[in-house]
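Enquirer: next input, structure requested:
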Amino acid sequence: MTRKFLFCFPLRVGNIIFGYIVILIAIATAAFHLYQLGLNVTNNYYEKDGKFRNFENLESIFGSTRDSLESIIVLTYYLSYIAIGLMLFLFAIMFTCGAYRANYCLVTTFFVYSFFHLFFTIILIVWEALTAGWIQLGLIALSDLLLIVCLFSVKYLMEAIRTGNIYSHPGEVYYKY
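Expert: Model prediction:
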């Protein structure tokens with residue numbers, strides 16, 4: 001066993017497994033919020049949900065169109081979660097393919113997107129703090145913390161691909177462009 005195998009093989013396999021986990025989380029997030037959006041659109045469910053009713057004095061700001069404003073807020077809320085979930089899904093697929101094929105460009109693309117994703121979720125953290133959605137606030141904070149921790153292994157994978165110190169099967173060609 002060479003040092004190259006002992007260090008880089010678990011690094012590569014670990015990142016592939018991390019990619020599959022991120023794919024599952026992204027699909028679950030987008031699917032759940034798509035379901036919630038469907039409930040709100042078909043049944044006027046947002047009228048029954050107290051989560052979006054704690055904004056005080058909306059009548060004085062927006063007049064009599066408060067109901068339409070609440071429906072727009074609810075739709076924007078769920079659509080933002082769906083958009084972030086789908087974007088994370090697409091970039092996680094790119095990352096998993098990049099880790100599997102040792103493609104530096106795809107892994108770097110996920111690395112860069114991760115920072116944008118963290119900035120996207122800052123808006124959702126503020127939103128959840130304002131609406132007192134403590135469970136979702138905790139889940140967002142936990143997922144961001146997990147993403148930050150996992151970015152270190154992605155950084156090491158990028159370095160291993162760039163320098164050519166990555167485990168590959170005999171005859172396998174990897175793409176480090």
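
Enquirer: separation between residue 80 and residue 94?
Expert: Distance, residue 80 to residue 94, by Cβ to Cβ, to the nearest Å: 22 Å. No exception for glycine: its C-beta is placed from N, CA and C like everyone else's.

Enquirer: leaving out sequence neighbours, find the closest residue to residue 147.
Expert: Leaving aside its chain neighbours, residue 147 sits nearest to residue 114 (5.9 Å; criterion: Cβ to Cβ, 6 or more residues apart in numbering).

Enquirer: secondary structure class for the one you found?
Expert: Residue 114 falls in the helix class when you classify it by DSSP: H, G, I helix; E, B strand; the rest coil.

Enquirer: list the contacts of it.
Expert: Going by Cβ atoms under 8 Å, 6 or more residues apart in numbering, residue 114 touches 91, 147, 151, 154.

Enquirer: just the buried subset of the residues you listed, please.
Expert: Buried members of the contacts of residue 114, scored by 16 or more other Cβ atoms under 10 Å, are 91, 147, 154.

Enquirer: helix or strand: which one has the one residue sitting closest to the centre of the chain?
Expert: Central residue of the chain (Cα atoms, centre = their mean): residue 88, 4.2 Å from the mean position. Assessed by DSSP states H and E, residue 88 sits inside helix 66-101.

Enquirer: confidence score at the residue nearest to the centre of the chain?
Expert: Note for residue 88: predicted pLDDT of 87.

Enquirer: that one reaches residue 117, doesn't it?
Expert: Yes. Between residue 88 and residue 117 a contact is recorded at 6.2 Å, counting by Cβ atoms under 8 Å.

Enquirer: span of stretch 96-109 from start to end?
Expert: End-to-end span of stretch 96-109 (Cα to Cα, to the nearest Å): 11 Å.

Enquirer: buried stuff in that stretch?
Expert: For stretch 96-109, the neighbour count (16+ other Cβ under 10 Å) marks 96, 98-99, 102-104, 106-108 as buried.

Enquirer: need these in JSON lines with pLDDT and distance to residue 28, can you?
Expert: Putting these into JSON lines (pLDDT from 0 to 100; distance: Cβ to Cβ, whole Å) gives the following:
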{"residue": "96", "pLDDT": "86", "distance to residue 28": "16"}
{"residue": "98", "pLDDT": "81", "distance to residue 28": "22"}
{"residue": "99", "pLDDT": "80", "distance to residue 28": "21"}
{"residue": "102", "pLDDT": "74", "distance to residue 28": "28"}
{"residue": "103", "pLDDT": "79", "distance to residue 28": "26"}
{"residue": "104", "pLDDT": "78", "distance to residue 28": "29"}
{"residue": "106", "pLDDT": "82", "distance to residue 28": "23"}
{"residue": "107", "pLDDT": "83", "distance to residue 28": "23"}
{"residue": "108", "pLDDT": "85", "distance to residue 28": "26"}
